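sequence-free structure coming up:
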C-alpha cells in the first residue's frame, strides 16, 4: 500500500456555502460559481460570453472573474477567443469516448486493487454509499438540477472511495482528476434517468466483489458499470442530436 497520504476530494455532505465563502478568495468563489454553471450546462457547450457580462452577473469586479477563467482554461472548460471573449468548451463525441476509455482503465484498476487491499471499514463505507446513491436516484425528477447535483456528488464520493480503498495515492489522484473531467457529462447523462433501471444495482455489485476479494470480478463489474454509463450518455445525445446544436461528431 502506498505510503503517501491521501486526502478526500469529495465530501458526503455538501459544504455550507456561507461558511465556505468566508474562507475562500473572490477568485475561488468566482471559479466555483462559473464552474457549476458550466458543468450543469446552464452555460451551454459552445456558448460565447465576455468577461464584463459574467462579472456583472456574479456581482464581482473583473479581476477575480479573470483569474477564475484562467483556471477554467487550464481545466479545459473554457477557451479564450481573441478579440471576442470566451467560449464554453464545446463537447465532441471523441471527447466522450476518450474520457470513458480513461475511466475504464483507471477505475477498473481501482476496483481490482480495492478487492485485494480494502479493510472491513472501507468496505462497510462503500456499502453505505451504494445505499445512498441508490436512494438519491429515486428522488430524481426530470431536469431537477439540485437533485442531479446531489446524485453527482454522491456518485463521485462512491467512486473516489473505491479509489481510496485501492491504497495507491497516485491512482487516487488520477481517479479524482477523471471524475472532475466527467462531471459535465454526468449532468447530460442524468437528464434522462429513465435509461436506468428503477433499482440501479451496479454499485452494490462492485462492493460485493470487493468484499469477496475477487479482483477480476471487481474490475469487470466496474468496467461494465462505466461502459453502461457511456452507452446511456451516447443514447441521450443521439436521441436529442437535432436539438443539440453544440454537439459535434469530431
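Sure thing, it's come through. Source: prediction; values computed, not measured.

quick one: least confident helix or strand in this structure?
In the chain, no helix or strand scores lower on mean pLDDT, DSSP states H and E than helix 17-22, which sits at a mean of 49.

does the residue nearest the centre of the chain count as helix, strand or coil?
Among the residues of the chain, the one closest to the centroid is residue 183, at 2.9 Å (C-alpha atoms, centre = their mean). The local conformation at residue 183, judged by DSSP: H, G, I helix; E, B strand; the rest coil, is helix.

thinking again about what came up before, which strands or helices does the next helix or strand after the least confident helix or strand of the chain pack on?
For helix 17-22, the following helix or strand on the C-terminal side (DSSP states H and E) is helix 26-39. The contact analysis (3 or more C-beta pairs under 8 Å, 6 or more residues apart in numbering; DSSP states H and E) places helix 26-39 against helix 51-58, helix 62-74, helix 169-189. Yep, even glycine has a C-beta here, placed from its N, CA and C like the rest.

Mean pLDDT and distance to residue 225 for those helices - can I get that in a markdown table?
Formatted as a markdown table, these follow (pLDDT from 0 to 100; distance: least, C-beta to C-beta, whole Å):
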| stretch | mean pLDDT | distance to residue 225 |
| --- | --- | --- |
| helix 51-58 | 95 | 36 |
| helix 62-74 | 96 | 29 |
| helix 169-189 | 91 | 13 |
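
ok now do the closest residue to residue 67 other than its chain neighbours, which residues does it touch?
Closest residue to residue 67 apart from its sequence neighbours, by C-beta to C-beta, 6 or more residues apart in numbering: residue 27 at 3.9 Å. Residue 27 is in contact with 63, 64, 67, 68, 71, counting by C-beta atoms under 8 Å, 6 or more residues apart in numbering.

Where neighbours are concerned, which of those residues has the most?
residue 68 (27 neighbours; other C-beta atoms under 10 Å).

so who does that one touch?
27, 28, 30, 31, 34.

hmm, 7 Å instead?
Each residue near residue 68 by C-beta atoms under 7 Å, 6 or more residues apart in numbering is listed here: 27, 30, 31, 34.
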